[in-house]
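> Sequence first, predicted coordinates after that:
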Amino acid sequence: MPTIVPFETLTDLFLNLSDKYKNSGKTAFAFKPSTDKEYKSIFWDEVTDDVYNAAAWLVESGIQPGDRVALLSENRYEWAVVDLALQLIGGVNVSIYATLPAEECAYLLQNSGARVLFASTGIQLKKANDVFENCPDLERVVAFDRPRTDDYLKPAYVSLFETRLSEGKNLLSKHEETINSRAQSIQPGDLATLIYTSGTTGEPKGAMLSHKNIVSNVKAAHQYVDIYDTDRCLSFLPVCHALERTAGYYAMLAGGAEIYYAESVNTVAKNLTEARPTLLLSVPRLFEKIYNRVKKNVEEGSKLKRAIFNWAVKVGNKYADGQRGIVSLQKMMADKLVFNELRGRTGGRIRFFISGGAALSKKIIRFFRAAGLPILEGYGLTETSPIISAPRNEEIRAGMVGQILKGITVGIQRLGKNIIICQISGEDYPTHKSSEEGEILCRGGNVMMGYWNDEEATCQVIDEDGWLHTGDIGRFQDGYLQVTDRIKHMIVNAGGKNIYPGPIEDLFKTSQWIEHIIVVGEGEVYMAALIVPDFDMLEDWADKQGLSFQSKKEMIEYEDVQKIFEQEVKEYSGNLASYKKIRDFRLIPDEFTVETGELTPTMKVKRKVVIEQYQSLINEIYSKDKYDRR
């Protein structure tokens, strides 16, 4: 078992890590300079100096314990420096997704009352300048990078991070006593950060997470998942998101792991081979894309190639189940013929992946498991800091999201029924191995303090007994938690059947032709779907057919393209119950993006937005003459 430094607050975490690794030559972070081909390591000595210098400047700027400081930035070393400096002096980190438009950034700045804003690139600095006058509490902006045009630096409230860090170095002797005093006075119950929900409906809400909330979650996660000081994590999920913040940042630091920053979301494939991480956190879409590319390559190959692939997956899963003897020899051959190339593309050192944010198909989990690349699929919410359940290293079960972490109590409540307590806080295994399906409720040290300046919304999710109502439907099977879908996503068809679209959509997303799918059918006699094709796949197919199209709209209207999706819908609906089968569909010519509003910053589809935007297609599916034809 790995050991972690003792800590009760995030402040303790930094101080004790600094004491342990300073002067040791241990890498804490690494990044790729824009002019370099290789990663540059940042050792704990430099981290310690930078954090204290940043803290000195923040104190000089008048930041008091409890004051909010915002970061509008991608994942990068400077973000970590500011965050650790804030934890040192009692400030509150308010992180803003770099993908958000200026008006949404303004809302978060206004709502949080942030006094200082750190902005990363020139693009983010432009947003800051655009909204500054509309944010009355905002006093100054600090840019991590020098923008291409100095026009963005001309306002008196803007300065460069490197300048402020230099000032902090000169101010450290003046403020060192104050910094140390504040660090010693920080308590577990103090507010550490506001993490705004990216939510699929309504305005974002700021979940107030205390030091205790996050620390209890990090410690509990370490009891389930081994992280060593020899590990290396490639960071690319937004650190604004609770999963990356706790599991990909604080938990990695606590284990002494190195954090390597991806250059961008678009360079992850390249950075995997350069950074060669042992651990990687992701949302399901990355694994879905990898799986679909492998599947496409196999299906385009010979009959023999397909047979070898299917044989290798079976052998890999037998080996993962613990079978040895002749299976060991078969596994060596399967690796050579099939899996070594895939592992090479991940850098060749991955011990395991961690997936969160949405459900992942059982088929995909089994494929990666067979390849020797196990995926640990956990479950949680921003409001629970975020992890509620996770599998132990050796206990991965496809379709399940592990067992409840120690220190957390989970209940299952059927609508209008009493709560069944399925895990008592602190026990190793659930007191109820199985339960009926119902809403998942959570209680424990990981549950947020509430929503920032929103008592009404807080009372809607945390009841008088301290239960946080997750809004998710799930059940226990043999002690493992299974999450079905969101309550608000439930579809009631014309026959009164309750249908959760999530599992159906997860099934269809294993199709190499489908990028996104939204199942619809509220109040209707059959299920249908809106489908965003994987346009890379379609364009590749069109090239091989010698076809060219002027637009995506023209492409999806082509008869043979429609036939491809008719076949996919028929095949994937085959094993569904009759009332769940997809009977009709419409292809959407527009790719979903964060910028155009269909996706949250963590790549979840905003179902309500999509349905409103494409209501005409849904109306077309369920038009009266369509019913008459059926």
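Perfect, I can see it now.
> quick one: Ser573 from Lys608, how far?
As judged by C-beta to C-beta, to the nearest Å, Ser573 and Lys608 stand 24 Å apart. For every residue, glycine as well, the C-beta is placed using N, CA and C.
> Name the residue in those two with the higher neighbour count.
Ser573 (19 against 13; other C-beta atoms under 10 Å).
> and the more buried one, what does it touch?
The neighbours of Ser573, taking C-beta atoms under 8 Å, 6 or more residues apart in numbering as the test, are 580-582.
> which of the residues you listed tops the neighbour count?
Greatest neighbour count in those, by other C-beta under 10 Å, goes to Ile582: 23 neighbours.
> Check which helices and strands the helix ranked longest in the chain is in contact with.
If you go by DSSP state H, the chain has its longest helix at helix 161-185. Packing contacts for helix 161-185, counted by 3 or more C-beta pairs under 8 Å, 6 or more residues apart in numbering; DSSP states H and E, involve helix 44-60, helix 77-89, strand 140-143.
> thinking again about what came up before, Throw the contacts of Ser573 into TSV and include secondary structure, pLDDT and distance to Asp485, thanks.
Putting these into TSV (DSSP: H, G, I helix; E, B strand; the rest coil; pLDDT from 0 to 100; distance: C-beta to C-beta, whole Å) gives the following:
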residue	secondary structure	pLDDT	distance to Asp485
Lys580	helix	95	12
Lys581	coil	95	17
Ile582	strand	97	16
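> Can you pull out the low-pLDDT segments for the stretch 301-450 of the chain?
393-394, 415-416, 423-433 (pLDDT under 70).
> in stretch 259-270, what's buried?
Using 16 or more other C-beta atoms under 10 Å as the burial criterion, the residues of stretch 259-270 that qualify are 259-263, 268.
> typed the wrong thing, it's stretch 557-569
Residues 561, 564-565, 568-569 are the ones in stretch 557-569 that count as buried (16+ other C-beta under 10 Å).
> just stretch 222-234 next, same as before
Under 16+ other C-beta under 10 Å, the buried positions of stretch 222-234 are 222, 224-225, 227, 231-234.
> Now do that stretch: distance to the chain's middle.
What separates the centre of stretch 222-234 from the centre of its chain is 18 Å, taken as C-alpha atoms, centre = their mean, to the nearest Å.
> got the end-to-end distance for it?
End-to-end span of stretch 222-234 (C-alpha to C-alpha, to the nearest Å): 18 Å.
> quick one: contacts of that stretch?
If you take C-beta under 8 Å, 6+ apart as the criterion, stretch 222-234 is touched by 1-2, 4, 26, 248, 251-252, 254-262, 268, 271-272, 275-281, 349, 351, 354, 376, 390-393, 402-403, 405-406.
> could you redo the last one with a cut-off of 6 Å?
2, 4, 252, 255-260, 262, 275, 277-280, 390, 392-393, 406 (C-beta atoms under 6 Å, 6 or more residues apart in numbering).
> Surely Ile621 touches Ala528?
Yes - shown here, Ile621 and Ala528 form a contact pair, counting by C-beta atoms under 6 Å, at 4.7 Å.
> joint contacts of these two?
Taking C-beta under 6 Å, 6+ apart as the criterion, Ile621 and Ala528 both touch Asp584.
> quick one: which of those two has more around it?
Taking neighbours as other C-beta under 10 Å, Ile621 and Ala528 compare with Ala528 leading, 22 against 18.
> Does that one lie in a helix or a strand, and which?
Using DSSP states H and E, Ala528 falls within strand 527-533.
> would you list the buried residues of stretch 557-569 in a markdown table and tack on distance to Val447, secondary structure and pLDDT?
Formatted as a markdown table, the buried residues of stretch 557-569 follow (distance: C-beta to C-beta, whole Å; DSSP: H, G, I helix; E, B strand; the rest coil; pLDDT from 0 to 100):
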| residue | distance to Val447 | secondary structure | pLDDT |
| --- | --- | --- | --- |
| Val561 | 48 | helix | 95 |
| Ile564 | 46 | helix | 96 |
| Phe565 | 43 | helix | 97 |
| Glu568 | 41 | helix | 95 |
| Val569 | 41 | helix | 96 |
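> which one of the residues you listed is nearest Gln110?
Nearest to Gln110 among those is Phe565, at 44.1 Å by C-beta to C-beta.
> Report how many residues lie close to the residue nearest to Leu337 when sequence neighbours are not counted.
Of all residues not flanking Leu337 in the chain, Ile308 sits nearest, at 5.7 Å (C-beta to C-beta, 6 or more residues apart in numbering). Using other C-beta under 10 Å, the number of residues around Ile308 comes to 17.
> Show the end-to-end separation of stretch 547-558, please.
Per C-alpha to C-alpha, stretch 547-558 runs 10 Å from first to last residue.
> outside of it, which residues touch it?
In contact with stretch 547-558 (C-beta under 6 Å, 6+ apart) are residues 587, 589.
> Just to be sure, Met333 is in a helix?
Yes - counting by DSSP: H, G, I helix; E, B strand; the rest coil, Met333 falls inside a helix.
> got the contact list for it?
Met333 neighbours (C-beta under 6 Å, 6+ apart): none.
> what's the distance between it and Arg349?
In terms of C-beta to C-beta, Met333 sits 22 Å off from Arg349.
> Could you list the buried residues of the top strand by length along the chain?
For the chain, the strand with the greatest residue count under DSSP state E is strand 468-477. For strand 468-477, a neighbour-count test (16+ other C-beta under 10 Å) marks 468-476 as buried.
> to the chain's geometric centre, what's the distance from it?
That offset, for strand 468-477, works out to 19 Å (C-alpha atoms, centre = their mean).
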